[in-house]
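Enquirer: Below is the sequence, then the predicted model.
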Amino acid sequence: MLPAIRISGIHKNFGSLHALKGVDLEVRQGEFFALLGPNGAGKTTLISILAGITRADKGVAEVLGHDVVASYRESRRVLGVVPQELVFDPFFTVREALKFQSGYFGLRKNDDWIDEIMHHLDLTEKANVNMRALSGGMKRRVLVAQALVHKPPVIILDEPTAGVDVELRKTLWQFIRKLNQDGHTIVLTTHYLEEAQTLCSRIAMLKQGEIVALDSTQNLLDTITDKHIKLKLTPDTLPLSLKSRMCAKDAETYTLEISDYAELEWVMVQLREANVCIGDMELVQPDLEDVFVKIMSKH
Ligand SMILES: Nc1ncnc2c1ncn2[C@@H]1O[C@H](COP(=O)(O)OP(=O)(O)OP(=O)(O)O)[C@@H](O)[C@H]1O
């Protein structure tokens, strides 16, 4: 089966800045994939290259086998991109904006689909409202709707939940999940790592224009072997012998790092010998944020 996205040896320079340094990446059809990285890592540049907005200096990028330069129209037709920036025409109503976007793809009789998208994104009531009168969150919903008017099999969302309230996040993810279940490939960039952990089955991490990790979400989580325990102590003092294990302290909770659960027994002994009692204890499962911090600090 053709990959949904194939990126091979992509380089991009902005003047003296080498923003993408030979990126190779394949996203399979039907995947829910996350592209993560700190600010300035090159995520948006990579997406712009796929969308044909930016030209790579070197390398190949394809969407469902269509080269984004040589077969621009075909590649654009199978791709829907939700951009990070809120760009919109203030003179259109929501429905007009969606109809205009449909026209761009040569679609005329897709009102049923437009109604369905607006329904799923809770936009129906705003259909005849002018774009300039919408709140930021509402405009973001329209951007998502615009990316979907031509039912693209591959959908890229560049930080779709930045500055968005909890309610919209829920609505949005429900809809995107449904699209994924219906067979659409989803690629997502986000700084909300818990969203990527819950939604995505595979993750690539980009740092300074290079892929520094690429694996299934579970394999990435499994790379964190150290365990964390949170302790509330009475009196509120950590014995000296445990100080080297402390990795965080907030209010009256100490977070300690242990290499395996057998070490818990040793921690108990240290507390008993110092006459310190446990008020509360919690085992903390590693999450994607731990993985992200570890990978980014390594490279
Ligand atoms: N048009 C441009 N001209 C000059 N430099 C640019 C341009 N676009 C991006 N850059 C630079 O390229 C690098 C990668 O930027 P990019 O926007 O792709 O990062 P990002 O991973 O999407 O970041 P963020 O998470 O902040 O959105 C940054 O150093 C950025 O300043």
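Expert: Alright, I've got the coordinates. Numbering: from 1, shown residues only.
Enquirer: quick one: contacts for residue 99?
Expert: residue 114 (CB atoms under 8 Å, 6 or more residues apart in numbering). Where you see a C-beta, it was placed from the backbone N, CA and C, and this is true even at glycine.
Enquirer: does it belong to a helix or a strand, and which?
Expert: helix 94-104 (DSSP states H and E).
Enquirer: which bits of the stretch 1-150 of the chain sit near the ligand?
Expert: Counting by CB under 6 Å from any ligand atom, the residues of the stretch 1-150 of the chain lying close to the ligand are 14, 17, 19, 37, 39-45, 84.
Enquirer: out of those, what pair is the most spread apart?
Expert: Largest separation among those by CB to CB: 17 and 84, giving 18.8 Å.
Enquirer: can you pull the buried residues of the one helix or strand residue 198 maps to?
Expert: Residue 198 belongs to helix 193-199 when assigned by DSSP H and E. By neighbour count on 16 or more other CB atoms under 10 Å, the buried set for helix 193-199 is 193, 195-197, 199.
Enquirer: Now render those as JSON lines, adding distance to the ligand.
Expert: Below are the buried residues of helix 193-199 laid out as JSON lines (distance: CB to the nearest ligand atom, whole Å):
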{"residue": "193", "distance to the ligand": "13"}
{"residue": "195", "distance to the ligand": "14"}
{"residue": "196", "distance to the ligand": "13"}
{"residue": "197", "distance to the ligand": "18"}
{"residue": "199", "distance to the ligand": "18"}
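Enquirer: about what we covered before: higher neighbour count, residue 17 and residue 84?
Expert: residue 84 (17 against 11; other CB atoms under 10 Å).
Enquirer: Not including adjacent chain positions, what is the nearest residue to that one?
Expert: Of all residues not flanking residue 84 in the chain, residue 158 sits nearest, at 4.2 Å (CB to CB, 6 or more residues apart in numbering).
Enquirer: How about the contacts made by whichever residue of the stretch 51-200 of the chain sits closest to the ligand?
Expert: Going by CB to the nearest ligand atom, the ligand is nearest to residue 84 of the stretch 51-200 of the chain, at 6.0 Å. When the contact criterion is CB under 8 Å, 6+ apart, the partners of residue 84 are 44, 158-159, 162, 189.
Enquirer: Reformat those residues as TSV; add neighbour count.
Expert: Converted to TSV, these look like this (neighbours: other CB atoms under 10 Å):
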residue	neighbour count
44	20
158	23
159	19
162	15
189	23
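Enquirer: Centre of the chain to stretch 221-233, how far?
Expert: When distances are taken as CA atoms, centre = their mean, to the nearest Å, stretch 221-233 is centred 24 Å away from the chain's centroid.
Enquirer: buried ones in it?
Expert: Neighbour-count burial for stretch 221-233 [16+ other CB under 10 Å]: 221, 224, 227-229, 231, 233.
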